[in-house]
Structures are given as structure tokens and as C-alpha cells.
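**Student:** Mind looking at a prediction? Sequence and model below.
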Amino acid sequence: QAVNSASVSLEGIEGVATTGRWGAFAFPDAPLGTISMRVSAPGHVSVVQLVEVSGDRVAFVQVVLPSVAATLAEVFVQVRPPEDSTVEAAQTAMDLLSIEVPRIRINSSAVGKSDYTLSLRPGTTVVGSVEPLILIDGVVMAGGLAYEALLGIPARDVENIEVLTGVAAALYPLAANGVILVATVRGR
């Protein structure tokens, strides 16, 4: 279950992000490299986790905050206005991709049809598809199956999404047009 209004801070960056209704947060100006991220919320144990930020991929990180059962002597309530976040509108893994990856293009051939094309880079080719390689929980998904799966995974069940392009994608065969790695929360 998403934790609303959790505080997220990154080592070396001033300011704190607050999670939205679906637990989403963003640091668009995070420096590249491995960064220590701290997440805390009332009634939960604070969690510190290392996050890898790379210039050629967008990473989605899901953190589990264990609940703390304790008796409180006093309660401090802080009210903040809701932030305008398009991530909160995400219902599926496909929505997360279309909202959070600015260079991604998702086209549907017809309303109500599941015939999608997806590309990470502009242009066309005469030798094949411009679609990226898509792996869901380590399983290569081909063509329409990948899009059906991305549409069928609820956003709250997405643990991590990484978009790899350039040299980072070279680790995967058939990844000349990039790679989208989707990891779901185990057991869902």
C-alpha cells in the first residue's frame, strides 16, 4: 500500500520531496552516480537506500516502509497542499512510462485496440523495428504481448522501471533501439 506524504531526501541535495497519493516522488535535478536516499513517514521506520542515477536511464524506485506499532504521547500534524504530479494519475506500468520518460513515444493504431508501437529514439529504419527490447521480471516480451503486459500491470505493483539506451543497452542482445526493464513487486 502506498504511503502518502512520506518525506524523501537525497544526500547532498537541499530540500525534501513529499510522496503523492500513490507514493510517487521525483528529483529531476539529482546528480549522476550513487546517491543515498532517505525515506521517512510518521508511524513507519525510516529507510535509507542507495540509488543509482545515470544520465541515460530513468529509474523508478519502490521502497518498503515497515510499520511501527507504538503508543504516542503526542501527535504532530503537518498539513501540506497537494502537489501537482502527473505520476499520481498513473494506473498502469504503461502510464508510468508515458508520464515519466520524456523521450518515449507510444502510439496506438486505433481507439480500443491493443496494437501499440513504442520507440525511445526518433527516426525510422528500413531493416527492422524501432521498438526497444522489453523485459518484465527478466522475461523478454515480444511485440503485442509486451504492451498487453504493460497495460495489465497496475502502477502500484511496479517495483522498478529502468530505461536503457546507448552503451547501457549494449548488454542485451537485440537492444539496438534501447531496453525497458520492468520489475514488479514479488507476489502480486
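**Tutor:** That came in fine, so what should we check first? Everything numeric in this text was worked out from a predicted model, so none of it was measured.
**Student:** For this structure, which element, helix or strand, carries the lowest mean pLDDT?
**Tutor:** Within the chain, no helix or strand scores below strand 116-119, which has a mean of 62 by mean pLDDT, DSSP states H and E.
**Student:** How is the chain divided into domains?
**Tutor:** Annotated domains of the chain cover 1-84, 90-184 [automatic domain parsing].
**Student:** can you redo those as CSV with mean neighbour count?
**Tutor:** C-beta here means a position set from N, CA and C on the backbone, and glycine is covered the same way. Converted to CSV, these look like this (neighbours: other C-beta atoms under 10 Å):
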stretch, mean neighbour count
domain 1-84, 13
domain 90-184, 16
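**Student:** which strands and helices sit next to the helix or strand hosting Ile99?
**Tutor:** Using DSSP states H and E, Ile99 maps to helix 93-100. Helix 93-100 sits against strand 105-108, helix 143-152, strand 158-164, with contacts defined as 3 or more C-beta pairs under 8 Å, 6 or more residues apart in numbering; DSSP states H and E.
**Student:** Leu96 is nearest to which of those?
**Tutor:** strand 158-164 (6.1 Å; C-beta to C-beta).
**Student:** The spatially most central residue of the chain: what's it in contact with?
**Tutor:** Closest residue to the average C-alpha location of the chain: Phe60 at 2.9 Å, with C-alpha atoms, centre = their mean. Neighbour list for Phe60: Leu96, Glu100, Val158, Glu159, Asn160, Ile161, Glu162 [criterion: C-beta atoms under 8 Å, 6 or more residues apart in numbering].
**Student:** which one of the residues you listed is nearest Ala146?
**Tutor:** Looking across those and measuring by C-beta to C-beta, the closest to Ala146 is Ile161, at 12.9 Å.
**Student:** thinking again about what came up before, tell me the angle the helix holding Ile99 makes with helix 143-152.
**Tutor:** 80 degrees (axes from the mean of the first three to the mean of the last three C-alpha atoms, to 10 degrees).
**Student:** from here on, count from 39
**Tutor:** Shifting the count to begin at 39 puts that one at helix 131-138.
**Student:** chain center to helix 131-138, what's the gap?
**Tutor:** 8 Å (C-alpha atoms, centre = their mean, to the nearest Å).
**Student:** ditto for stretch 40-48
**Tutor:** Averaging C-alpha coordinates over stretch 40-48 and over its chain gives two centres that are 15 Å apart (C-alpha atoms, centre = their mean).
**Student:** Other residues contacting that stretch?
**Tutor:** Looking at stretch 40-48 with C-beta under 8 Å, 6+ apart, the contacting residues turn out to be 53-63, 65, 68, 73-79, 82, 89, 103, 118, 194.
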